[in-house]
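Peer 1: Predicted model follows, preceded by the sequence.
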Amino acid sequence: MAKSYQLRCPKCNNENNFYRFGKDAGGYQKYLCRTCRHQFAPERPKLMHQRAYPSCPVCGKASFLHHDYEHYSNYRCCGKLCRHSFFAPKGSSIAKPSMSALFGKTDFKRMRHPVFLIVSALTMFYLGKNSFRNVSLILRTAFNIRVSHTTVANWCTRFAPLFDNMRLKLLPLLDLNSDEWHADETVVKVAGAKHYLWFVVDSETRFVVGFHLSPKRDSPQAFCVLNEAAAHGKPRAVVSDRYSAYRAPVRSLFPSHVRVESFKDAVSNNLIECFHKQFKAWYKTKQGFGSLSCANNLISMFVFFFNFVRPHSAISGLAPAQVAGLKLTKRQKREYLLVA
């Protein structure tokens, strides 16, 4: 029987001669083209083909799994002329960095001393090179308030979650999509044992995008800090030294990787080495950290004051957050306890 309404053959574009040809497995009416004998079901919904593996970022063709690792997978393009190899991270297998595991108070309630005194003690400790005893002595001399060094130590440790919440609220206001991020690690002592402190610093704003404290120095630790930093910006390249632990994480998460060979190269890692010098000047007065949790809190507070409070001479006396586009009113600064 000839058709009674408008159809078109998808193969030869015939619009006139068709036969009804039963129904397909899904119950949709099939038609037979009398010109090219092609069978089709126009009412059947078109299903989008989903590839099992990601497409090649160079040519867009399909890819196949070349190697499968714990934290990432290595794919290779199926195109004979491309054969591009690329990495894809496994988000579920990457652990959280230490900067997300803080303990303490999230407000100043039920504190014996006023807030301005606590903030003054924190500023003297994190912006200078003072020990807990020196801060206690300054408070006694300048404010005539007797505060033991143990109390100052508790202040400098227990308010890390409060300032980390402020950081999370202010991060969406910042623009960290710069040309380069610098990644490097340094050694600190925690309870007398060597630990490795990983940092990621923005080259244009001097903003510390993330950090991670770990007892090991391997690729999974680099994945932790770089995966957390990747959520806050998209740089064009990540600069690191030639340590092999950075190779897989950077190739999986960022478009380009610059591996520095010498300090005389056009692109060097001197910026983050300069930051390590400032951090070690503050760390030297501590003579090491007592425990991993306390060290994590102290470093988190140091990074907050470095990013949002401390002015830098290299960026016209501004704080890194201000260079990244943070603009707050005086009322908002008082709310976030910022003086920059």
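Peer 2: Thanks, I have it. Numbers count the residues shown, from 1 in each chain.
Peer 1: From now on I want contacts and neighbour counts done on CA atoms only, so please keep to that.
Peer 2: Noted.
Peer 1: Nearest spatial neighbour of Ser178, chain-adjacent residues omitted?
Peer 2: Of all residues not flanking Ser178 in the chain, Pro235 sits nearest, at 5.0 Å (CA to CA, 6 or more residues apart in numbering).
Peer 1: And the one you found, how far from His84?
Peer 2: 22 Å (CA to CA, to the nearest Å).
Peer 1: show me where the chain has helices.
Peer 2: Along the chain, counting by DSSP state H, helices occupy 115-127, 132-142, 149-158, 160-170, 219-230, 247-253, 270-284, 292-308, 320-323, 330-335.
Peer 1: who touches the spatially most central residue of the chain in this structure?
Peer 2: Ranked by distance to the mean C-alpha position of the chain (CA atoms, centre = their mean), the top residue is Ala229 at 1.4 Å. Ala229 is in contact with 200, 209-210, counting by CA atoms under 8 Å, 6 or more residues apart in numbering.
Peer 1: Can you read off the pLDDT for it?
Peer 2: At Ala229, the model reports a pLDDT of 92.
Peer 1: what's the answer for the one 10 residues further on, then?
Peer 2: You'll see Val239 listed with a pLDDT of 94.
Peer 1: what's the answer for Phe125, then?
Peer 2: 93.
Peer 1: and it, how many neighbours?
Peer 2: Phe125 has 20 neighbours, counted by other CA atoms under 10 Å.
Peer 1: same thing with Glu335?
Peer 2: 10.
Peer 1: distance of it from Gln221?
Peer 2: For Glu335, the distance to Gln221 equals 35 Å [CA to CA].
Peer 1: cool, Val135 as well?
Peer 2: Distance from Val135 to Gln221, counting by CA to CA: 34 Å.
Peer 1: Same check on Ile94?
Peer 2: Ile94 is 9 Å from Gln221, by CA to CA.
Peer 1: out of these two, which sits in the more crowded spot?
Peer 2: Taking neighbours as other CA under 10 Å, Ile94 and Gln221 compare with Gln221 leading, 26 against 19.
Peer 1: How about that one: what's its closest non-neighbour residue?
Peer 2: Spatial nearest neighbour of Gln221, chain neighbours left out: Ser214 (7.1 Å); criterion: CA to CA, 6+ apart.
Peer 1: Run through the residues that contact that neighbour.
Peer 2: 98, 195-197, 221.
Peer 1: If we use 10 Å, what do you get?
Peer 2: Listed by CA atoms under 10 Å, 6 or more residues apart in numbering, the contact partners of Ser214 are 97-98, 187-188, 190, 194-198, 221-222, 292, 296.
Peer 1: ok, back up a step: okay, the residue nearest to Ser178: pLDDT?
Peer 2: We have a pLDDT of 93 for Pro235.
Peer 1: So it sits against Leu176, correct?
Peer 2: Yes: Pro235 lies in contact with Leu176 (CA atoms under 10 Å); the separation is 7.5 Å.
Peer 1: Name the residues contacting each of those two.
Peer 2: Residues touching both Pro235 and Leu176 by CA under 10 Å, 6+ apart: 202-203.
Peer 1: the more surrounded of those two?
Peer 2: More crowded of Pro235 and Leu176, by other CA under 10 Å: Leu176, with 24 against 18.
Peer 1: The more buried one contacts Gly325, correct?
Peer 2: Yes: if you go by CA under 10 Å, Leu176 and Gly325 touch, sitting 9.0 Å apart.
Peer 1: Between these two, which contacts overlap?
Peer 2: Thr205.
Peer 1: which one of the contacts of Ser214 sits closest to Leu271?
Peer 2: Lowest distance from Leu271 to the contacts of Ser214 (CA to CA) belongs to Trp198, with 14.4 Å.
Peer 1: Leaving out sequence neighbours, find the closest residue to that closest one.
Peer 2: Nearest residue to Trp198 in three dimensions, chain neighbours excluded: Glu185, at 4.2 Å (CA to CA, 6+ apart).
Peer 1: Please apply the same query to Gly317.
Peer 2: Nearest residue to Gly317 in three dimensions, chain neighbours excluded: Pro311, at 4.9 Å (CA to CA, 6+ apart).
Peer 1: Same question for Leu171.
Peer 2: Nearest residue to Leu171, sequence neighbours excluded (CA to CA, 6+ apart): His232, at 7.5 Å.
Peer 1: measure the residue nearest to Trp198 to Leu213 for me?
Peer 2: Glu185 is 9 Å from Leu213, by CA to CA.
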